[in-house]
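fold the following and give me the result.
(chains A, B, C and D)
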4 protein chains.
Amino acid sequence: MSAGTHKTVKTAVAGVSGYAGGELARLLLAHPGLQGQTPLFLGRMGAASAEKTLLSDLHPQLSASALTSEIEVIPFDWAMLKQQGVEILYLATPHEQAREWAPQALANGIRVIDLSAAWRLQQDSNRAIYKLEDADSALAAKLQKEAVYGCPELHRAEIASARLVANPGCYATTIILALAPLLKARLVDLSFDIICDAKSGVSGAGKAPTAKTHFMYGADNLSLYAVFNHRHRGELLEQLGLQPEQIQFTPHLLPIPRGILATIYVRLKNKSTAADLQAVFDKFYAESPMVRVRRSPALPQIAHIVRTNFCDIGFELGPDGKRLIVVSCLDNLLKGAAGQAVQNMNLMCGFNESEGLL
Amino acid sequence: MSAGTHKTVKTAVAGVSGYAGGELARLLLAHPGLQGQTPLFLGRMGAASAEKTLLSDLHPQLSASALTSEIEVIPFDWAMLKQQGVEILYLATPHEQAREWAPQALANGIRVIDLSAAWRLQQDSNRAIYKLEDADSALAAKLQKEAVYGCPELHRAEIASARLVANPGCYATTIILALAPLLKARLVDLSFDIICDAKSGVSGAGKAPTAKTHFMYGADNLSLYAVFNHRHRGELLEQLGLQPEQIQFTPHLLPIPRGILATIYVRLKNKSTAADLQAVFDKFYAESPMVRVRRSPALPQIAHIVRTNFCDIGFELGPDGKRLIVVSCLDNLLKGAAGQAVQNMNLMCGFNESEGLL
Amino acid sequence: MSAGTHKTVKTAVAGVSGYAGGELARLLLAHPGLQGQTPLFLGRMGAASAEKTLLSDLHPQLSASALTSEIEVIPFDWAMLKQQGVEILYLATPHEQAREWAPQALANGIRVIDLSAAWRLQQDSNRAIYKLEDADSALAAKLQKEAVYGCPELHRAEIASARLVANPGCYATTIILALAPLLKARLVDLSFDIICDAKSGVSGAGKAPTAKTHFMYGADNLSLYAVFNHRHRGELLEQLGLQPEQIQFTPHLLPIPRGILATIYVRLKNKSTAADLQAVFDKFYAESPMVRVRRSPALPQIAHIVRTNFCDIGFELGPDGKRLIVVSCLDNLLKGAAGQAVQNMNLMCGFNESEGLL
Amino acid sequence: MSAGTHKTVKTAVAGVSGYAGGELARLLLAHPGLQGQTPLFLGRMGAASAEKTLLSDLHPQLSASALTSEIEVIPFDWAMLKQQGVEILYLATPHEQAREWAPQALANGIRVIDLSAAWRLQQDSNRAIYKLEDADSALAAKLQKEAVYGCPELHRAEIASARLVANPGCYATTIILALAPLLKARLVDLSFDIICDAKSGVSGAGKAPTAKTHFMYGADNLSLYAVFNHRHRGELLEQLGLQPEQIQFTPHLLPIPRGILATIYVRLKNKSTAADLQAVFDKFYAESPMVRVRRSPALPQIAHIVRTNFCDIGFELGPDGKRLIVVSCLDNLLKGAAGQAVQNMNLMCGFNESEGLL
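Numbering: from 1, shown residues only, chains lettered A, B, ... in the order given. So this is what the prediction gives:
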C-alpha cells in the first residue's frame, strides 16, 4: 500500500508515559498511514479533566513548534474510545492492567496490541512468574488461546487477522530471531546447551527510579541480573520449542541507554560451512523487511541498530565447523517494543510491514 | 506540497564518508519528496571502478535488508552528474575542496548546498582562519557575494532562490538562533559582553582518529578548546552584526556522541519580564517549523533535541529583570549540519520546509 | 610527620551510606596516620543490634579479601563514642542532623568535621535556603560564630585549632579557589559580573533515586538546574566578599559520574599579561599541596583530577589583556567533599596536609 | 614487612607513555616501599637531551603541585641503569622490544617484569600469533624456560625468586583466576566446552588513535572482536592445562574506559551445592590478598573493582546443581597489567604482596 492511497486507521495508546510509550507516540505521529488520524494518548481512567497533561509534559522531545499543536493526554474511557471509532488499542501498561483491559477492548470491538507480557505465554507454568490472576479465568483462558505472539517473522499471517497480539519481550525477540532459522532447519545439536549471553541498555529496566537505574549504578559498569530466571525465558521455550535444560539465558546490564546484543553459543549437529549457514539465514529472512542478515564474518553491533526497527543477525563459525556463535542485535525500545508493535499494526491493517519504520 | 503530489528532485552528495555525510544519506533516502529519485553518493574523483564501495561499508547502520538494495558509492564525475540531471549537489567535503568545486557545479548548472565553511563568510578577515586560497579569486569573490548563508530562520527567501547556499556551522547555528531575536529587537546592552559558554559532543570533532577523539580522552571528561579563537566566531559576528569585543564564545568538549548546548549570558538594556521576552522569541519564530521556543523557566536540554532537526531555545530572567540566560540546543549533525542542509534544499526546491525532517 | 612516627587519632563517621561517606571510608581506612585505629562507621542511632550491617553492604567496592576483615557499621551512640575515645567525628549526614549533632559532639569533647551545609554560612540570609531551625538558637548562634569554613587554602591556621569545621560545598570550593587569588589581589573589575558557568557529574545529586538521577535522564545529556539560586551561592558571597549582583553561578548536570569544571569569566581592572597572572596564582598557592596551577594556556580538565584530591586551576587571557577565563576543576566527592574533610583532619591533628591524599 | 622498616628498591620503567605505563608510574610513585627511591621513567633509547619530556606531559593527571617536583622522562641507557643501581626494570613496551631487551637486562644483572606478551607462552605454537623472531633463538629459548608467568595466585613462590617475570594478559588473568580453583579440584566436565564470554573497556585497546578507539565507535555501543582467535587464548590453555577444543573465549568491547567482566559457563562433573563450591573458591584464595571471593549468589560487577587491584570472583549454580556460571572481574590496567606487575615486584623484593595496592 503506497503512502498516497492508504486507508485511515484510528489508534489509541494506553500507558504512554514510559519509554516504550514515548517511542510508540513518536512512531505513530509520523506514520504515513495514519496521517489525518492523530492517535489518542490515554491517561488514567477517570482522571479529572482538571489534570490536563500534554504529551510533551511526559516526553519533552515531542514538543511542538509554533507551526504544530501540542497533543493532550486524555482520560481513559471505553465509551469515548468506541465513539471515536478506535480500531487498534496499544496497551503499554503493566501486565496486570493489560490482562484486565484486553478482554474489555475486544468486547468493545477494538483490536489490541499488548506490549506487556500479559498474553505472550500459552503455558500456565511459564506465565506463573508474572503472577497473573484472572478475574474471569474461563474467558481469559479462551482469549489466551486466541492471542497471537507478535513476532512477524514467525507468525506473519496469524498476526494479520489477529484480534489480540501479544507483542514479544525485547530479549525474547533478540534471541528467537537468532535461533529460529537454525532450529527450524534442525541443525542444532541440543545435547549441548544453547548459551545466550545477552546484554541490554538501561531503558530495559523501565522509567521508575531505583537503586539499579541510578546513573551512578549504571555508568561505567557491567553487571548480571536475573541469572537462571529472567522472565523472558518462557517466551524462548515456547517459541523455539525447547526444553528448559536446552537453553541458558543470562542478562547483563550495559552502561548505555538502549540496545540489546546477544552472543549465542550453538553446537551444530554436523560440520557446516559459513556459506551453508549464510544461506539458511538468508532464506529464512528473505521476506522480512526488518531483519538484516550480515555477511559472515561481519557481526552486528549495537551502534548499527540503535534507533532503528531492525534486528541485525550475524554469525561466525569456529574452525571445527560445529562451534557456532550467532550474534543478534536490536533496539529494545523499537524492534524490542514500540517498533515491533507498529510492525504488527502494519500487518493487522494492511500497510506495508515496514511502513513508518524505515 | 503534500507527499502525494511532489515533483522529483535529483540530488547528489560529495563527501558521504563522514558523520554529517552519513546523516545526510539517511535523511535523503527517507525524504518523501525524493522518492523514486535515489540520491547519488559520490566517492573520489577518478576512483577506479574496481574499488566498488557500498554506502553500508561506510555506514553499516544504512545496510539493506533482503527486501531492499545496497547502495553504491560512485566515482565523482561532472559529466555523469550532468547527464543524470542532478539539480542539487551537497558538498560535505573539506572546505578547500568545496571552494574549488562549487564554481564548477554552478558552471554545470547544478545548485550547491555546501556543508563546509568555504562560502559562509563575506569578510576576508573572518575567512582568513580557513586559509582558503582561490585559484581564480575574481570569480571566487563574485560567487562569495552571491552565496547565501543557509540559516532558514534568518534568510528564508534568499535561500529559496539561491544557487549557492553556505550551510552554517553547528555552534554558529546554536548561538545565532538564540541571539538574533534579542539583537534584532535591540534589547541587548552591548556594553556588557555577550558570553556564550558552549558545549558540544564529540562528533563535532570529525571522524579522523586523533588523540582528542580517542574514547579514553573523551569519556568521563570535560575540556575546553579553541578558547578565544574558534573558527565559528566569524559567523557570529557577521550574522549578528556584532563587533569582536561584544561577544565571547568558549567551546567545551562533552563526553557524548552528539548534541550542542550553549548557555548564553546577556545583559538587557531595560528591565524586562519573562512574558515580554517570551513574546519576542515567539514572534520571531512564529513561522519557523524547526525552532521550538520553551516556556520560561523551562529550559532546553540535549536529550530533547538529539536526533531531531529542532533547535530548542529557552531562557531564564534574573531577579533584577536585566540579567538574562538564554539556552540553545541542537543536534550538531542535524540542525547543525545535515538536517539544516535538507531544510535548505526544501526551501530551494519548493518542499515544505520541514519535509523529511520530523 | 612521617608515616613511621605518627600519633594515633581515633575517628568516627556518621552518614557513611552516601557517596561522600563511601569515599571518606575508603580514605580513612588507607590513611597512614590512622593505622591501628580503625575508624568507627556509624549507622542509625538506636539501631537494633539485630540489624547488623557491613560497610561492604553499603559499598561493595570496600569488601575484604580472605586476609582482611569485613568492617561493621555500628549504631550511633554518644556514650560509646566517648568510651572509645573518639577525637574526630565526621558528619556526612543531612544538614538538619548535623545542626543537631555538632553541638552534642562538642559537649562530649569530640571535634567535628561536618560535610553538610549546616555550619558553613555566617549570615542568616544565606542560611535561609536550608531552612535550618535551631532547637536552641542561642547556642547555635554561638557555635555558628566558632565554626571555621574548612577551606584549607584560605583558613589553614584557623582550621588547625578549630573544634567545628564546616567542610565547604563542592561547587563553592571549585569557584572560591579559582577567584580568591584574583580578588585578594584586587585585580577584578567588579562592575562586570563574574560569570561562573559550572558543570558537575551526577554524584553531586546524591544517592537517592529520582527522575533526575535516573540513568536515562543523565546519559548523553546536558541540562541546567537551580539557575540563579543554587544553594552554594551563599558560600561564594561570604568567602569571596562579593555582593549578590557581582557574581553569577549557573550549574549544569554532566553525563559523568564525578568531577566538576567551572569556566569563569572575569574582567580585569587593568590590562595584564599571562605571566603576571601566573605569578599571582603561583604565589597564592605556593604552600598548598592540593592545588595545582597550570601553566597558561594549558587548562585543567576533569580527567586530570578525577579520583584525586587536587583542585586544578588554569586560565587564558584574551587578546585585550582584560578578558580572562579561569578554569577550575576538582572531584566533587574528594576535594569537593570527603578528600577535603580528610585534608582538614590532617591540619586539625598535625599530620601533613596531604597525608593519605596523594 | 611494615611500612616503617622497608629496604629500598631501585626501579625503572620503560614504556611509560601508554595507559598501563601511566598507572605503573602512579603506583610506584606512591608505593610505601620505594619512598626515597624515585623510579626512573625511561624514554626512547638515544633520545636527544634536548627533547626533555616530563612525566606530566604524558600523563597530566600526574602533575606536581608547588610543593612537589615534576618528574622527567630520561633517555633509555643501559649504562645509566646499571650505574643508578636499578634492580627491577619494568617493560611496558611492545612485545618485540621486550623480547629484545629482557635478555640484555638480565645480562646487566637487572631483574625484569615484562608487561608485554613477549615471555608469557612456553609453546611455540601459542607464541606464533605474536610473530616473535629471536635474533639469538638459543638464548631466547633458554630464557623462555626460565620466565615465570606472573600470576601470583598460581606461582607465588616461583615469582619471588624469578629473574624474568612475564606479567599476564588482562583477559587471561580474569579467566584463569575464575577457573583455576575448579579445574585444580577436577570438578569440571570437560566434555562440555567452557564458554568465556568476556567484556572489556576501551583502554584494553591501547592509546593509539584508530577507527575502533574513536569515541564515536565506542560510545553507546557493544561489539565483538577477535572471535575464536584472541591472542590471550594461549595463556588460558597453558595455565589451565586445557586443550583448544575445551574452552571458548569471546571478547567484547564495552563502552567504558576500564574494567573487564567475564561470564563463564561451566558444566560440573557431579551435582554440587553452592556451599561446596564456595568452600572450593575460599580455600583456593585463602592466602591471596588481591582476590575477593563473593558469597553466592552475590556476583561481582565492574564498578566494584575499577581502580583497584582486586580480582572479584563470584558464581551462581543452576537449579540442576551442574550448570555453573562463574563471574570474574578486574581492572584491566591494574590487576590486568600495572597493578599485577607491582604485586609481582612485591613478591620479588620481599614486600607484603599487597603493599601499595590497597
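
and A:Leu237, how many residues sit next to it?
19 (other Cβ atoms under 10 Å in any protein chain shown). (Each C-beta comes from the backbone N, C-alpha and C, glycine too.)

so it touches A:Ser125, yeah?
No: A:Leu237 sits out of contact with A:Ser125 when judged by Cβ atoms under 8 Å, with a separation of 9.5 Å.

buried sites along the lengthiest helix in chain A?
Longest helix in chain A, counting residues (DSSP state H): helix A:170-184. Across helix A:170-184, burial judged by 16 or more other Cβ atoms under 10 Å in any protein chain shown covers A:170-183.

C-terminal to that helix, what's the next element?
In the C-terminal direction, the helix or strand that comes right after helix A:170-184 (DSSP states H and E) is strand A:194-200.

do the helix or strand following that following strand and chain B meet?
As assigned by DSSP H and E, the chain's next helix or strand after strand A:194-200 is helix A:215-218. No: Helix A:215-218 lies out of reach of chain B by Cβ under 8 Å from any Cβ of the partner chain, never closer than 12.2 Å.

could I get the average pLDDT for helix A:215-218?
For helix A:215-218, mean pLDDT rounds to 98.

contact partners for A:Pro103?
Residues near A:Pro103 by Cβ atoms under 8 Å, 6 or more residues apart in numbering or on different chains: A:Asp136, A:Leu139, A:Ala140, A:Leu143.

kindly recompute the last result at 7 Å.
A:Leu139, A:Leu143 (Cβ atoms under 7 Å, 6 or more residues apart in numbering or on different chains).

check the offset of the helix or strand that contains it from the chain's centre.
Using DSSP H and E, A:Pro103 maps to helix A:95-107. Remark: helix A:95-107 is offset 18 Å from the chain centroid, using Cα atoms, centre = their mean, to the nearest Å.

how about stretch A:320-333?
18 Å.

near chain B, anything from it?
No: using Cβ under 7 Å from any Cβ of the partner chain, stretch A:320-333 never reaches chain B; the gap is at least 11.0 Å.

now for A:Arg292, how many residues are close by?
Applying other Cβ under 10 Å, we find 25 residues neighbouring A:Arg292.

name the residues of the stretch 251-358 of chain A found near chain C, please.
So the stretch 251-358 of chain A meets chain C at A:Pro257 (Cβ under 7 Å from any Cβ).

where exactly do the helices run in the stretch 251-358 of chain A?
A:274-284, A:302-305, A:338-349 (DSSP state H, counting those that start in this stretch).

pick the most buried one from those helices.
Neighbour counts (mean count of other Cβ atoms under 10 Å in any protein chain shown) averaged over each of the helices of the stretch 251-358 of chain A peak at helix A:338-349, with a mean of 26.

alpha carbons of it, as PDB, please.
Extracted C-alpha coordinates of helix A:338-349, given in PDB (Å, rounded to 0.1, in the frame of the first residue of the first chain):
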ATOM      1  CA  ALA A 338       7.300   0.000  20.200                       C
ATOM      2  CA  GLY A 339       8.600  -0.600  16.700                       C
ATOM      3  CA  GLN A 340       7.600  -4.200  16.600                       C
ATOM      4  CA  ALA A 341       4.100  -3.100  17.900                       C
ATOM      5  CA  VAL A 342       3.800  -0.800  14.900                       C
ATOM      6  CA  GLN A 343       5.100  -3.600  12.600                       C
ATOM      7  CA  ASN A 344       2.300  -5.700  13.900                       C
ATOM      8  CA  MET A 345      -0.200  -2.900  13.400                       C
ATOM      9  CA  ASN A 346       1.000  -2.700   9.800                       C
ATOM     10  CA  LEU A 347       0.300  -6.300   9.200                       C
ATOM     11  CA  MET A 348      -3.100  -6.100  11.000                       C
ATOM     12  CA  CYS A 349      -4.200  -3.100   9.000                       C
END
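
and that helix, what does it pack against?
helix A:19-30, strand A:88-91, strand A:111-114, helix A:152-161 (3 or more Cβ pairs under 7 Å, 6 or more residues apart in numbering or on different chains; DSSP states H and E).

now do A:Ser56 against A:Leu40, distance only.
Between A:Ser56 and A:Leu40 the distance is 16 Å, computed by Cβ to Cβ, to the nearest Å.

and those two? Which one has more around it.
Each of A:Ser56 and A:Leu40 has its neighbours counted (other Cβ under 10 Å); A:Leu40 has more, 23 against 18.

surely the more buried one meets A:Val73?
No: with contact defined as Cβ atoms under 7 Å, A:Leu40 does not count as touching A:Val73 (9.0 Å).

how about the residues of chain A that lie near chain D?
Checking chain A against chain D by Cβ under 7 Å from any Cβ, the hits are A:192, A:195, A:197, A:199, A:220-224, A:227-228, A:245, A:248, A:250, A:254-257, A:261, A:263, A:265, A:299, A:301-303, A:306, A:316, A:318-320, A:323, A:325, A:327.

got a ChimeraX select line for the buried ones in these?
Of the residues of chain A next to chain D, the buried ones go into a single ChimeraX selection, burial set by 16+ other Cβ under 10 Å:
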select /A:192,195,197,199,220,221,222,223,224,227,228,248,250,254,255,256,257,261,263,265,299,301,302,303,306,316,318,323,325,327
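
residues making contact with the longest helix of chain A?
By Cβ under 7 Å, 6+ apart, the list of residues contacting helix A:170-184 reads A:151, A:153-154, A:188, A:194, A:196, A:198, A:200, A:204, A:230, A:232, A:235-236, A:239-241, A:249, A:251, A:260, A:262, A:264, A:266, A:280-281, A:284, A:291, A:311, A:313, A:326, A:328, A:330, A:332, A:335-337, A:340.

and for stretch A:37-47?
Under Cβ under 7 Å, 6+ apart, the answer for stretch A:37-47 is A:8-14, A:16, A:25, A:28, A:53, A:55, A:71, A:73-77, A:84, A:86.

show me which of those are buried.
A:9-14, A:16, A:25, A:28, A:53, A:55, A:71, A:73-74, A:76, A:86.
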